[in-house]
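# Build me a structure from this.
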Amino acid sequence: MAGIYLHIPFCKKACHYCDFHFSTSPAYKDQMVKALRSELILRKPYLGNELIETIYFGGGTPSVLSVDDLSMLIHTITENYEVSASAEITLEANPDDLIPQKVKEFRQTPVNRFSIGIQSFFEEDLKWMNRAHNASEGLSSIKRVQDAGFENITADLIYGYPLLSDEKWMFNIRELIDLQIPHISSYSMTVEPATALASFIQKGKQKAMDEGQSARQFEILMDELQGADFEHYEISNFAKPGSRSKHNSNYWEGVNYMGIGPSAHSFNGDSRQWNVADNMKYIQSMEQNKVPFEIEHLTTENRINEYIMTALRTSKGIDLSFVSQRYHSDYSLQIRNSLEPFLDKEWAILTNQTVTLSKQGKLFADHIASELFVELL
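Next comes the predicted model:
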């Protein structure tokens, strides 16, 4: 099994915190769609004859595409790859794009899952983030998609920024619970270099993020969603039983995937590659039937450490027996020895050769993973 990710590099506005590759100019949208189709055809050998179980339109803002563009890209995939009849096909969308007519048209496509970038239900928060939608559009977009018959929906929320009190944060979480959203992804506000937010903080126009606030609001998130019967199956992802993201779960479980479009990443178990993060260079290269990418061949050390990083973030955890069988028992022993301080702090739990994080440990997931990284024998 495998997945295909398509990066749609267009947005109406630049969110102040975002460092993803995108353009706010739609001038080359038609050429981009043509280039994406070309890459899909050229890269067919990359996944061999693997069954495609997930297709994910990310970005950027994929919902800026016309329904015809979207249908054309999906058709190109089904014509060139073996796609499962039950494939999960996800479209990331901003609330302002989900107008009644477009939602109705989406219903006629194979898209069966929406990822809606809500972020907050408060107007002042959305303006602070420089989001393209307003608070009322956030609420109405969810109801509109549900009324159209879409049940498999995930919504994004952000926490840990200066305007967000604990009371407002609680409201945002409960709003999604009350709307019966089956999957919620939630992220702490991070300050990435070369973003507007980083510049504002550097110039003293904006407060720095408060790590204490982020930790506290993450704990509120865990408590509220656990109380509403959500499974905390990955650090930033919560799902009702049966509603986990298949596409993202495959990332965390090391399943092969192919990334299409500028800046998109691909992984086949032996190497990782990524396309140029420049729209015009990408289009011009694809017009010559050349995929503009760089590649990194993974060492045993790379593979084990990537497994540690991704597995520890999930409820499945790190399987030390798997590490021993797949690589070498000495690597499993390295991890076990490095784990001891975190077992003592009760940040990690070891059960039948499986390492998972406690609630407290989830606050330090990246740090713990880095401390468990192995060194080449």
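
# Helix, strand, or coil at residue 294?
Recorded secondary structure, residue 294: strand (DSSP: H, G, I helix; E, B strand; the rest coil).

# Report the secondary structure state of the closest residue to it other than its chain neighbours.
Using Cβ to Cβ, 6 or more residues apart in numbering and skipping the chain neighbours, the partner closest in space to residue 294 is residue 274 (6.0 Å). C-beta: built from backbone N, CA, C; applies to glycine. Judged by three-state DSSP, the three-state class of residue 274 is strand.

# and if you look at residue 244?
Applying three-state DSSP: residue 244 is coil.

# Tell me the confidence at the residue nearest to it when sequence neighbours are not counted?
Among residues not flanking residue 244 along the chain, residue 233 sits closest, at 5.6 Å (Cβ to Cβ, 6+ apart). Turning to residue 233, the model gives it a pLDDT of 98.

# Please look at residue 233 and residue 242 and confirm they touch.
No. Counting by Cβ atoms under 8 Å, residue 233 does not reach residue 242; the two are 11.4 Å apart.

# out of those two, which sits in the busier spot?
residue 233 (19 against 8; other Cβ atoms under 10 Å).

# What's the first helix or strand after the strand or helix carrying that one?
Using DSSP states H and E, the element containing residue 233 is strand 231-234. Using DSSP H and E, the next helix or strand after strand 231-234 towards the C-terminus is strand 237-239.

# That following strand packs against which elements?
strand 183-188, strand 231-234 (3 or more Cβ pairs under 8 Å, 6 or more residues apart in numbering; DSSP states H and E).

# I'd like to know the average pLDDT value across the following helix or strand past the longest one.
What it means is strand 183-188. Remark: after strand 183-188, the chain's next helix or strand is helix 196-202, criterion DSSP H and E. Across helix 196-202, pLDDT averages out at 92.

# helices or strands next to helix 196-202 in the packing?
So helix 196-202, by 3+ Cβ pairs under 8 Å, 6+ apart, packs with no helix or strand.

# Would you indicate which residues of that helix are buried?
For helix 196-202, the neighbour count (16 or more other Cβ atoms under 10 Å) marks 196-198 as buried.

# Residue 6 reaches residue 54, doesn't it?
No. Look at residue 6 against residue 54 with Cβ under 8 Å: they stay out of range, at 11.4 Å.

# distance of the residue nearest to residue 294 from residue 296?
8 Å (Cβ to Cβ, to the nearest Å).

# Residue 176 too?
37 Å.

# So which of these two has more stuff around it?
Legend: neighbour count by other Cβ under 10 Å for residue 176 and residue 296, higher for residue 176 (27 against 10).

# so who does that one touch?
Neighbour list for residue 176: 118, 155, 157, 184 [criterion: Cβ atoms under 8 Å, 6 or more residues apart in numbering].

# Could you work out the most separated pair of the residues you listed?
118 and 184 (9.4 Å; Cβ to Cβ).

# between these two, what contacts are shared?
Shared contacts of residue 118 and residue 184 (Cβ under 8 Å, 6+ apart): 155-157, 176.

# Could you identify the pair within these that is furthest apart?
156 and 176 (9.8 Å).

# Give me the common contacts of those two.
Contacts common to residue 156 and residue 176, judged by Cβ under 8 Å, 6+ apart, are 118, 184.

# Helix, strand or coil: sort out residue 45 for me.
Quick answer, by three-state DSSP: residue 45 is helix.

# mind listing what residue 234 touches?
248-249, 252, 313-315.

# Which of those residues fall in helices?
248-249, 252 (DSSP state H).

# Tabulate the residues you listed (JSON lines), appending pLDDT and distance to residue 101.
Conversion of the ones in helices among the contacts of residue 234 to JSON lines gives the following (pLDDT from 0 to 100; distance: Cβ to Cβ, whole Å):
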{"residue": "248", "pLDDT": "95", "distance to residue 101": "29"}
{"residue": "249", "pLDDT": "96", "distance to residue 101": "33"}
{"residue": "252", "pLDDT": "93", "distance to residue 101": "36"}
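
# and the nearest residue to residue 346 once chain neighbours are set aside, how many residues sit next to it?
Nearest residue to residue 346 in three dimensions, chain neighbours excluded: residue 358, at 5.7 Å (Cβ to Cβ, 6+ apart). Look at residue 358: counted by other Cβ under 10 Å, it has 14 neighbours.
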